[in-house]
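Q: next one to model:
(chains A and B)
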Amino acid sequence: MFGVTKEGHSVCAHVHGFEPYFYASVPENFGEADCAAFRRRLNEEVSAARKNAPGVHVVDVSLERKQSLMHYSDVKDRLFAKITMGLPNMVSAARGILEKGFSVPGVRDGAFTTYPTFESNIVYALRFMVDCAVVGGNWIEFPVNSYTVRAKKASHCQIEVDIMYDKLISHPAEGEYSKLAPFRILSVDIECAGRKGHFPDAQLDPVIQIATLVTEQGSDKPIIRAVWTLDTCAPIVGADVLSFKDERELLRNWGNFLRGCDPDLLIGYNIVNFDFPYLLERAEKLGVADFPYWGRLIGTKVRMRDTVFSSKAYGTHESKEISCEGRVQFDMLRAIQRDYKLSSYSLNAVSAHFLGEQKEDVHYSAISELQNGTPETRRRLAVYCLKDAYLPQRLLDKLMYMYNYIEMARVTGVPLNYLLTRGQSIKVMSQLLRKARQRNMLIPHHVKQGGGNVQAEGGVAYEGATVLDAKAGYYEMPIATLDFASLYPSIMMAHNLCYSTLVPKDKVGKLNPDDYGTSPSGDTFVKASKVKGILPEILEELLGARKRAKADLKKATDPLQKAVLDGRQLALKVSANSVYGFTGAMVGQLPCLEISSSTTAYGRTMIDHTKKMVEEKYRTVNGYTGNAEVIYGDTDSVMIKFNTPDLAESMKLGEEAAVYVSETFLKPIKLEFEKVYWPYLLISKKRYAGLLWTNTENYDKMDTKGIETVRRDNCLLVRQVIETVLEKILKQRDVQGAVKYVQSTIADLLMNRLDFSQLVITKGFTKEADSYGVKMAHIELAQRMRQRDPATAPVVGDRIAYVIIKAAKNAKAYEKSEDPIFALDNNLPIDTKHYLDHYLTKPLLRIFEPILHNAQSVLLHGEHTRRIAQPTPTAKAGGIMQFAKIRLSCIGCRAPISDEKMSKSLCKNCLNDESQHLRKALASVNNLEGDFNRLWTQCQRCQGSLHQDVLCTSRDCPIFYRRKKVQKDLTEATAQLRRFDW
Amino acid sequence: MFEARIKQGAVLKKVLDSVKDLVTDANFEADPVEGFKLQAMDSSHVSLVSLKLHADGFEHYRCDRALTMGMNLANMAKMLKCAGNDDAITMKADDAGDTVTFMFESPDQQKISDFELKLMDIDSEHLGIPETDYDVTLRMPSVEFQRICRDLASIGDTVGISVTKDGVKFSTTGDIGEANITVRQNSEDDKDKMIAIELGAPVSLTFALRYLNSFTKATPLCDQVIVRLSPNLPVVVQYAVTEVGYVSYFLAPKIEDDDAM
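A: Below you'll find the predicted structure:
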């Protein structure tokens, strides 16, 4: 066990005496005497399974009286054998044997018998934590004299002790013990010198820089900022620069540093899948034998293997798993991918999003050039590298990951690293185990049903939540929203739904009808008065704790404490909700569809019930201002139109209705009045937008669901247009303004006046083109780019940015994709119609159709669509442009100029107004020059130096495209100005 | 003020049909001297169409100053479709107006229709292909040329055109096989059959059939098509509009292994 003391000293405790064990159900006549025979036989079987390995595998078999968690039964306890194994990894072997069955002399006359096992699939570490009541991020006390300090250390920790497991004292996270330990956090980023056109490969390309930042949890200043560089590097203010001639030395030195500084946490961006594997592979290639010892145990090598992590909640990810004893790897990329939905997960985009800060993005093909330059260019690279190491640390602080994750670990009782590497179910399992232990209950081992497609194998799909039909429209009257507070957990609590209260169908008849309730889905559960379920109890504790945390949060003044408490209440909420998911996960550890389907069934009837009650009570005949109408309802909320234009009255009625309906439900199910939408735009199921009010004075914010503002595979343009439109309609109540805005944006689009960045679409290039069944725009583009210039073409793993350009008629969409930079450089015409038809039309019509009756013609076919621009591509773009010559045309009226001697800029009709046209051209050049200067300095600021050229080619950065576009426009405008003979 | 009247309205309809597949929006130019013109690239900028109707080809032509009229060709076609084949068509536009009017008169003056099309403001450059002497000038029945292009397009995407003394060979290869069509010069006087080759030097070039097929939409305009070829220059496919002007198409040749689409 590894830890930190309050003073920040790292501790390694060797905990002894804890042996892995599990339970098996045995017949009631199984006596003490049978235990020995049982142990002997099982031992034989286990050693046979392990290729006749000699020795004692099964340490002990003893009898205990316990109860199974599954199903309600009157019999209070049954006989179980506790089987203790010698090593943790033998548990599964023994489990297999018992479940397959074997014969023991003297038991059932030596007949072949199978024994259902209990709690046999629990990881050893978790078993230990449950039994010792240790949770993740927990404070543990070693009482004086209970331990011995080791003289000859086996680890790199500062303090190393030996202790028996039953001497540990675990302190619940309360009061003084709720503080976070001063973890040492090491943030790292490496740079490699790639070859042209290839993503760096550890077999070939050297590691040229490693930037490292060490911080102590809780302080905002790093202790160490250092960068290891290959070859010389000019000094950097505020950071140590260590330069090496030899890459081996560099690696070796960094490895020593890592061990010396002994961090608890390793963080970085995509370290697990790039930086660490790269370092390890590189060290192996170079033969730096003493490099891969990063763990805390002396002489234990870091091992690396590929894993595929798959979870319903988080999706499937392929990744590397790197074992590193005593140090938690916390990859910010993974954490953010898990917790946030963003359009791009590049470090640049993420930090722009959360920190409001951009970084320069040096394409990896440019890195080699910098490295091969002077100490000064290497310094630039080092600064860049340091920033990359600094940003993850900043993100960690800003998003309060330490607080949230430690709190989550404490609440659910799992180690910190489980939170990133495992799914939700392990957390529920951990809580279930702790609770069951208190109740003297055992959790059966659930034999998985072959995995894969459960429904095809006879699994039952159960009905999900109800969605009431949405009455689409634009509502100018306030719409009150009633929410069920933590719907599923409260249903489970109210109806006492649990594994241990579920009554098997054939036993229902034997029970007193007052003692059980049958859910709308037809399953029977014992009432809480008879016996209280474990799940409801867990939920009660979780929700109770959340309530307390929330109350404390209100009282708390210290921002740090607030962060901890907020982290806790969030963790509690997530945990409470995941209990329901746990029972429904067919491939999970202990699915119980009766519980989950009953939960949703209750939910469904409750929504319908609420709708009926509200619509019956709030009617004009009962003295109310208007007939109430439920316009929409989803899972745990209903939207009610009370038909009153008054906000305050809607709120009052909403509150009243919430209380009124709540009374008819079992406790603790509670309908809460939460907010009023006014105005409210309901588009369809799961798609709405509205201005949210919780008081009568000011609105809180604009709330949208399922509308294109959040979709990430869209171009910026769509998001921007939709956001502005909603803002204008909802906040300013200015429909005409919104229409005008849309018209002018469409006009800008057609006139090619929009920023390129708004049109860029990015998609991940995850695998080679061949492995896709269909042709995709971005994949095709990658191939074309490779033909053009293999050096800068994207490779697998990059995100590809593209725009849609005009192509031949009937061309497929995938033929029209083009690299934005290439399109910009060559002035390729954007397929504005494609953007209009495929991206803007649908979302716009969805919003406007309930408001305007002729939305389509007003928005998409008006006067504003009659001005378009057709840029002329450069000759490099190929095609006819290699041959065609541009003929001069009049700047004023576009008529071709027939007499160049008279004027190169204007036709004879416009010549009278020459001064006016000249002034216009001059002004446009001036404007563009100003724009360009601003953009350029913006980029220089971002790179942190005003004296050097801008290198950045970040395809995520709107400024970059803007800069390019302005540069282009400026060249054109200047050329046009020159045509005037002045 | 611009006003132009053409007696056989069908000619104008055919002219429009010959370009509307290639170009969606384009600027028409009315010039006091040169007549009514259009020059535009297709949207993928691989080919260019140049259309010219001489001022004296019209029954009546008046143009006070050079005018540029941006039109959506699909919308223009919608209107011209309403004209009967025997109708006379008059185009009218004001110097500063934002509409163009099409007037259709039936031969017996029994029916007069006015259609007004809103103009577009299209910001694009004027392009031209410099005039050159071509090594090869091929004249052949336009129906025959259309047939060859259509047939080959069902086999492959590109056509190789090689001209030697012996004749012209059109060839293509595709997934299912290959095809070769050779036509020889003859001495027919009949325009439906005459094939004439003026050969300066043998030429062999490759083109995308997709565009050639679009060009043959102009086939109804005249009996004979003129194809001009030179190495490393775009092919010119020209259809004469009888007594009025011409429609010419330029298509860049495919360079070996260059996927310039």
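
Q: domain ranges for the chain?
A: I went with chain A, as the question did not name one. When chain A is parsed with automatic domain parsing, its domains come out as A:2-176, A:184-413, A:448-457+A:465-702, A:716-877, A:887-978.

Q: not quite, go with chain B.
A: Residue ranges of the domains in chain B are recorded as B:2-118, B:136-251, according to automatic domain parsing.

Q: so what's the gap between the longest one and the chain middle?
A: So that's domain B:2-118. Average the C-alpha atoms of domain B:2-118, do the same for its chain, and the two points are 14 Å apart (C-alpha atoms, centre = their mean, to the nearest Å).

Q: quick one: end-to-end length of that domain, please.
A: Domain B:2-118 has its terminal residues 15 Å apart, counting by C-alpha to C-alpha, to the nearest Å.

Q: nearest to B:Arg65, of the domains of chain A?
A: Ranking the domains of chain A by their distance to B:Arg65 (criterion: C-beta to C-beta) puts domain A:887-978 first, at 5.3 Å. C-beta: built from backbone N, CA, C; applies to glycine.

Q: now the domains of chain A as CSV including mean pLDDT?
A: Formatted as CSV, those follow (pLDDT from 0 to 100):
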stretch, mean pLDDT
domain A:2-176, 80
domain A:184-413, 80
domain A:448-457+A:465-702, 79
domain A:716-877, 79
domain A:887-978, 80
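
Q: JSON lines for these, including mean neighbour count?
A: Supplementary listing: these in JSON lines, determined by neighbours: other C-beta atoms under 10 Å in any protein chain shown:
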{"stretch": "domain A:2-176", "mean neighbour count": "16"}
{"stretch": "domain A:184-413", "mean neighbour count": "19"}
{"stretch": "domain A:448-457+A:465-702", "mean neighbour count": "18"}
{"stretch": "domain A:716-877", "mean neighbour count": "18"}
{"stretch": "domain A:887-978", "mean neighbour count": "16"}
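
Q: among the ones you listed, which comes closest to B:Leu199?
A: Nearest to B:Leu199 among these is domain A:716-877; the distance by C-beta to C-beta comes to 29.8 Å.

Q: any bit of the closest one sitting next to chain B?
A: Yes: judged by C-beta under 8 Å from any C-beta of the partner chain, domain A:716-877 comes into contact with chain B at A:751-752, A:784, A:787, A:806-809, A:811, A:815, A:828-829, A:831, A:866-873, A:877.

Q: off-centre distance for that domain?
A: If you compare the mean C-alpha spot of domain A:716-877 with that of the full chain, they lie 27 Å apart, counting by C-alpha atoms, centre = their mean.

Q: again with stretch B:112-120
A: Taking mean C-alpha positions (C-alpha atoms, centre = their mean), stretch B:112-120 and its chain are 23 Å apart.

Q: stretch A:401-417 too?
A: Its chain's average C-alpha position is 16 Å from that of stretch A:401-417, according to C-alpha atoms, centre = their mean.

Q: and A:Ile868, helix, strand or coil?
A: Per DSSP: H, G, I helix; E, B strand; the rest coil, the local secondary structure of A:Ile868 is strand.

Q: for it, name its beta-bridge partners.
A: Applying DSSP bridges to A:Ile868 gives these bridge partners: B:Ile122.

Q: that one is in contact with B:Asn72, isn't it?
A: No: with the criterion set as C-beta atoms under 8 Å, A:Ile868 and B:Asn72 do not qualify as a contacting pair; they are 9.1 Å apart.

Q: shared neighbours, those two?
A: Taking C-beta atoms under 8 Å, 6 or more residues apart in numbering or on different chains as the contact rule, A:Ile868 and B:Asn72 both touch B:25, B:120.

Q: can you report phi and psi for the nearest residue to B:Gly97 once chain neighbours are set aside?
A: In space, B:Gly97 comes closest to B:Leu119 once its chain neighbours are excluded; the distance is 7.6 Å by C-beta to C-beta, 6 or more residues apart in numbering or on different chains. With angles defined as degrees, to the nearest 10, B:Leu119 shows backbone torsions of phi -80, psi 160.

Q: dump the residue contacts of B:Leu119.
A: Residues touching B:Leu119, when contacts are defined by C-beta under 8 Å, 6+ apart, comprise A:866, B:69-71, B:93, B:97-100.

Q: least confident pick among those residues?
A: Between those, the one the model trusts least by pLDDT is A:Arg866, at 78.

Q: which parts of the lowest-mean-pLDDT helix or strand in chain B are buried?
A: For chain B, using mean pLDDT, DSSP states H and E, the weakest element among its helices and strands is strand B:126-128, scoring a mean of 80. Neighbour-count burial for strand B:126-128, with 16 or more other C-beta atoms under 10 Å in any protein chain shown as criterion, is recorded at B:126-127.

Q: that one near chain A anywhere?
A: Yes: if you take C-beta under 8 Å from any C-beta as the test, strand B:126-128 does meet chain A, through B:126-128.

Q: just to revisit the earlier point, could you export the domains of chain B as CSV, including mean neighbour count?
A: Written out in CSV, the entries for the domains of chain B read as follows (neighbours: other C-beta under 10 Å):
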stretch, mean neighbour count
domain B:2-118, 19
domain B:136-251, 18
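
Q: Serialize the ones you listed to CSV and add fields for distance to A:Ile443.
A: Conversion of the domains of chain B to CSV gives the following (distance: least, C-beta to C-beta, whole Å):
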stretch, distance to A:Ile443
domain B:2-118, 66
domain B:136-251, 61
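
Q: which pair of the contacts of B:Leu119 spans the longest distance?
A: Across the contacts of B:Leu119, the two members that end up farthest from each other (C-beta to C-beta) are A:Arg866 and B:Ala93, 15.0 Å apart.

Q: point to the residue nearest the middle of chain A.
A: Computing the C-alpha centroid of chain A and ranking residues by C-alpha atoms, centre = their mean puts A:Arg338 first, at 2.1 Å.

Q: what ranges do the helices span in the stretch 151-261 of chain B?
A: Chain-ordered helices for the stretch 151-261 of chain B, with DSSP state H, counting those that start in this stretch as the definition, fall at B:209-215.

Q: point out where it drops to low pLDDT.
A: Across the stretch 151-261 of chain B, the stretches falling below the confidence threshold (pLDDT under 70) are B:256-261.

Q: now do the strands in it.
A: B:158-164, B:167-174, B:177-183, B:196-199, B:203-208, B:224-229, B:235-241, B:245-251 (DSSP state E, counting those that start in this stretch).

Q: which one of those lies closest to A:Leu922?
A: Smallest distance to A:Leu922 across the strands of the stretch 151-261 of chain B (C-beta to C-beta): 36.3 Å, for strand B:245-251.
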